[in-house]
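I would like the atomic coordinates for the input below:
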Amino acid sequence: MKNILNWLLIITALATTSCKGSASEGEAVVGDTLQLRHTSLLTIVECDGYTVTDIKSPWSGKLLHRYILVDKNSSVPADIPRGTLLRTPLDSLLIFSTVHAELICNLGHTDAVTGVCEGEYMTQPALKERISNGKITDCGSSLNINSERVVQLSPQAIWVLPYENGGYGKLERMHYPLIECAEYMENSPLGGAEWMRFYGRLLGEGKRADSLFNVVENNYIALRDRVKRCERRPTLMCELKSSSAWYMPGGNSTMGQLYNDAGANYLFACHDRTGSLPLAFEAVLNRAADADFWFIKYGGARKTYKSLPTEFDGYTHFRPYKERNIYECRLSEKRFYEETPFRPDILLQEFVSIIHPEIIEDYELRYYEKMQEE
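This is a model prediction of the structure:
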């Protein structure tokens, strides 16, 4: 019986596949190319009867995936190029990330999420309610997904996070369309946020997503340009020591650019990496001992000026500790990672209100607050 069940799962999965061969790197697409102003990884071409979205690999620069979007109420054109065919709007999705869950809810398609991984970490109230009443299937761990639940769910697409030299294990063998969500590899805040224009089109909300992105972009650029006129740029350090290393965002990382756009002199911007860099405590102290501000994010129990030295006495050598100018974001209470990737304008506003209060007065902080004494 077990072998029969396994074969049924495989046959069912194969029956749901929505691919038309592999996309060719040089296969031309004729149509109107959407003007994407910030992303370095996406190309969207609107053709007669379908839309082609190409995702470039952040690691090799080659084509990572091509998607062919065709309205489910229309017939599939005979001349579509090779790629993964998706009949839109998608209304049955298995998602792994609370970041994408947040965007889907904001675009008004909460009901499209029919499956999640690790549902206990989903923070959106509407999704939590649907999980608890059984309207959303929890397919287990993203690292060891429950294949039987996935097949029973039979999603139209699965939203996954690509990694360099990584695969998708069981999911690849099941042959459901995989949406490779690589926006986290973009090197600018607006570059990552612009992916909402692709995701919106998957949900049949292209115009709504374009409109939302225009708001994000206009807010961000207007505030960034105001900050550019500030002559004073307070120095900034961030994060906490982790085990033997202190991980700092590189100067060309999304967070590094946000600090810069907020009018800070981010003290580790000289490291032009796009990711984080591990530094020894001595290197951090040598460069940031006299910083004006210190921003930290952490999970778990609340930290205070009294508790920090019990974790690592070296923290007491920094000026923001001595002068009580540390701002903390408690990830267990704040929805920082869920909300900010597609709303960098809100995060920029938060940073500017702290670093340049003369520009934004009477702002109520959303994610950060001053650390307490004890």
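
Next up, the contacts around Gly299.
Arg330, Leu331, Ser332 (C-beta atoms under 8 Å, 6 or more residues apart in numbering). (Glycine included, C-beta is placed from N, CA and C.)

Pull up the gap between Arg366 and Ile221, please.
Here Arg366 is placed at a distance of 20 Å from Ile221 (C-beta to C-beta, to the nearest Å).

Which parts of the stretch 1-150 of the chain are helices?
For the stretch 1-150 of the chain, the helices defined by DSSP state H, counting those that start in this stretch cover 2-15, 98-106, 125-132, 147-153.

So which other helices or strands are in contact with the last one?
It stands for helix 147-153. helix 2-15, strand 113-116, strand 137-138, helix 170-174 (3 or more C-beta pairs under 8 Å, 6 or more residues apart in numbering; DSSP states H and E).

Which of those has the lowest mean pLDDT?
Ranked by mean pLDDT, these bottom out at helix 2-15, which scores a mean of 35.

Mind giving me the packing neighbours of the helix or strand hosting Phe351?
Using DSSP states H and E, Phe351 sits within helix 344-355. On a contact count with 3+ C-beta pairs under 8 Å, 6+ apart, helix 344-355 meets helix 189-193, helix 206-228, helix 254-261, strand 293-298.

Against which helices or strands is the first one packed?
Yep, that's helix 189-193 we're talking about. Packed next to helix 189-193, using 3+ C-beta pairs under 8 Å, 6+ apart, are helix 206-228, helix 254-261, helix 344-355.

got it, and the third one?
The elements that helix 254-261 packs onto, with contact taken as 3+ C-beta pairs under 8 Å, 6+ apart, are helix 189-193, helix 206-228, strand 235-238, strand 245-249, strand 265-266, helix 344-355.

List the buried residues in it.
Thr254, Met255, Gly256, Gln257, Leu258, Tyr259, Asn260, Asp261 (16 or more other C-beta atoms under 10 Å).

Need the residues you listed in TSV (columns: pLDDT).
As requested, those are exported to TSV (pLDDT from 0 to 100):
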residue	pLDDT
Thr254	95
Met255	96
Gly256	96
Gln257	96
Leu258	98
Tyr259	98
Asn260	97
Asp261	98
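
the strands in the stretch 251-374 of the chain, which residues?
265-266, 276-279, 293-298, 326-330, 369-370 (DSSP state E, counting those that start in this stretch).

related to what we said a few turns ago, just the CA trace of the helix holding Phe351, in PDB.
Extracted C-alpha coordinates of helix 344-355, given in PDB (Å, rounded to 0.1, in the frame of the first residue of the first chain):
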ATOM      1  CA  PRO A 344      11.600  50.600   2.800                       C
ATOM      2  CA  ASP A 345      10.100  54.100   2.800                       C
ATOM      3  CA  ILE A 346       8.600  53.500   6.300                       C
ATOM      4  CA  LEU A 347      11.900  52.200   7.600                       C
ATOM      5  CA  LEU A 348      13.800  55.200   6.100                       C
ATOM      6  CA  GLN A 349      11.300  57.500   7.800                       C
ATOM      7  CA  GLU A 350      12.000  55.800  11.100                       C
ATOM      8  CA  PHE A 351      15.800  56.100  10.800                       C
ATOM      9  CA  VAL A 352      15.600  59.800   9.700                       C
ATOM     10  CA  SER A 353      13.300  60.600  12.700                       C
ATOM     11  CA  ILE A 354      16.100  59.300  15.000                       C
ATOM     12  CA  ILE A 355      19.200  60.600  13.200                       C
END
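
what does it contact?
189-190, 192-193, 215-217, 219-220, 223-224, 227, 234, 236, 254, 258-259, 261-264, 293, 295, 327, 339-340, 359-360, 363, 365-368.

Of the contacts of Gly299, which is the nearest to Glu172?
Nearest to Glu172 out of these is Leu331 (C-beta to C-beta; 31.5 Å).

which residue sits closest to the closest one, ignoring its sequence neighbours?
Spatially, and ignoring its direct neighbours in sequence, Leu331 is nearest to Gly299 (4.5 Å; C-beta to C-beta, 6 or more residues apart in numbering).

Can you check the pLDDT for the one you found?
Gly299 is given a pLDDT of 94.

how about the strands of the stretch 251-374 of the chain in TSV, adding mean neighbour count and distance to Thr123?
Shown next, in TSV, are the strands of the stretch 251-374 of the chain (neighbours: other C-beta atoms under 10 Å; distance: least, C-beta to C-beta, whole Å):
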stretch	mean neighbour count	distance to Thr123
strand 265-266	21	29
strand 276-279	16	24
strand 293-298	20	16
strand 326-330	21	14
strand 369-370	12	19
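
Of these, which is nearest Leu41?
Nearest of the strands of the stretch 251-374 of the chain (C-beta to C-beta): strand 276-279, 19.8 Å.

In terms of secondary structure, what does that closest one contact?
Here strand 276-279 touches strand 245-249, going by 3+ C-beta pairs under 8 Å, 6+ apart.

now the strand it packs on, how far from the centre of its chain.
20 Å (C-alpha atoms, centre = their mean, to the nearest Å).

got it, and stretch 290-305?
With C-alpha atoms, centre = their mean, you get 23 Å for stretch 290-305.

for stretch 317-327, same thing?
Using C-alpha atoms, centre = their mean, the offset of stretch 317-327 from its chain centre is 30 Å.

cool, and stretch 325-344?
13 Å.

before we move on, what about stretch 185-195?
9 Å.

next one: stretch 350-360
For stretch 350-360, the distance to the chain centre is 24 Å (C-alpha atoms, centre = their mean).

avg pLDDT for it?
96.

mind starting the numbering at 304 from now?
New numbering, starting at 304: the last item is stretch 653-663.

for that stretch, which positions count as buried?
Glu653, Phe654, Val655, Ser656, Ile657, Ile658, His659, Ile662, Ile663.
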